[in-house]
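[1] From the sequence below, what's the structure:
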Amino acid sequence: MYTLKKSIHEQAKTIYLLGISILFCFILLAIRFQITQNLFYGFLVWNLFLAAIPYVITFYLNNKSRVKLELFIGFSIWLIFLPNAPYIVTDFVHLKLSSYNIIYLDILMVFLFAINGLVFFYLSLIDMLKLIQPYFNKNAKSLITVSLLFLSSFGVYLGRFLRYNSWELLSNPKLLFEDIWLMLRFPLEHKSVWSFTLCFGLFLALGYIITKHLIN
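    Okay, here's the model as predicted:
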């Protein structure tokens, strides 16, 4: 308990700034609800909740004694939920349904939700890489980092375009893995999958490099 309190104190500024930013998200959403009298963008709250799960997992793992098995289980759960964090960036597709007179509000709102999702993503990724660092050499860590970025990008594609979610790895894994196998087996017939994975993966990689530079 003492270690957890100490860690929260050390990260208080980050948590405080995230809290202010998320509060502003909710304020913008409430303003939109008041103007339009509909709850269309309410799904952003759920998406942001899912985006926070990887960060909560790494925060928990960082602040307790753990064995390899516990870290492995935590890493597995973390990896399943990790694509939810950058997924919010793709919610910009819903802007096509926005009314012209409030498009500015919708852009600001989705942008801020997406920024918070990306912050959760990069903080969580950096923390997890620190957790597994003792078990890998520098070259292996670089390969793992790149793999995680592009696996997250692929996961975003599965969620946005094929409408899979993290829970289906547990509830309906057979159908999910059948679709993934088809994509791998016939890559030329699924060019959109790999072009999205590449482009979005490069976007995440650029953000990771910038975030690491700023933190350092």
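
[2] Show the pLDDT at His9.
    You'll see His9 listed with a pLDDT of 63.

[3] Skipping adjacent residues, who's closest to the residue nearest the centre of the chain in space?
    Among the residues of the chain, Ala85 comes closest to the average C-alpha position under C-alpha atoms, centre = their mean, at 1.4 Å. With sequence-adjacent residues excluded and distances taken as C-beta to C-beta, 6 or more residues apart in numbering, Ala85 is closest to Phe121, at 3.5 Å. For every residue, glycine as well, the C-beta is placed using N, CA and C.

[4] Count the neighbours of the one you found for me.
    27 (other C-beta atoms under 10 Å).

[5] Please identify the helix or strand for it.
    Applying DSSP states H and E as the criterion places Phe121 in helix 103-132.

[6] List the buried residues in that helix.
    For helix 103-132, burial by neighbour count (16 or more other C-beta atoms under 10 Å) applies to 105-106, 109-114, 116-129, 131.

[7] Going toward the C-terminus from that helix, what's the next helix or strand?
    helix 138-160.

[8] Next, the angle from that following helix to helix 103-132.
    What separates the directions of helix 138-160 and helix 103-132 is an angle of 140 degrees, with axes from the mean of the first three to the mean of the last three C-alpha atoms, to 10 degrees.

[9] Now do the very next helix or strand once past helix 138-160: everything it contacts.
    Following the chain from helix 138-160 toward its C-terminal end, the next helix or strand by DSSP H and E is helix 168-171. If you take C-beta atoms under 8 Å, 6 or more residues apart in numbering as the criterion, helix 168-171 is touched by 80, 175-176.

[10] circling back to that earlier point, so what secondary structure elements neighbour the helix or strand hosting the residue nearest to the centre of the chain?
    Of the helices and strands defined by DSSP H and E, Ala85 is found in helix 84-87. Here helix 84-87 touches helix 43-62, helix 103-132, helix 138-160, going by 3 or more C-beta pairs under 8 Å, 6 or more residues apart in numbering; DSSP states H and E.

[11] can you give me how far the shortest one is from the chain middle?
    Same thing as helix 43-62. The chain centroid and the centroid of helix 43-62 are separated by 8 Å, computed with C-alpha atoms, centre = their mean, to the nearest Å.

[12] Kindly calculate the angle that the next helix or strand after it makes with helix 103-132.
    Reading on from helix 43-62 to the C-terminus, the next helix or strand found by DSSP H and E is helix 68-81. Using the same axes, to 10 degrees, the interaxial angle of helix 68-81 with respect to helix 103-132 works out to 160 degrees.

[13] mind listing what's buried in helix 68-81?
    Within helix 68-81, the residues scored as buried using 16+ other C-beta under 10 Å are 71, 74-75, 78-81.

[14] how close does the residue lying closest to Gly159 once chain neighbours are set aside get to Leu188?
    Residue nearest to Gly159 in three dimensions, not counting chain neighbours: Tyr87, with 5.4 Å by C-beta to C-beta, 6+ apart. With distances taken as C-beta to C-beta, to the nearest Å, Tyr87 is found 26 Å from Leu188.

[15] Tell me which of the two has more neighbours.
    Neighbour count, other C-beta under 10 Å: between Tyr87 and Leu188, Tyr87 has more, with 24 against 6.
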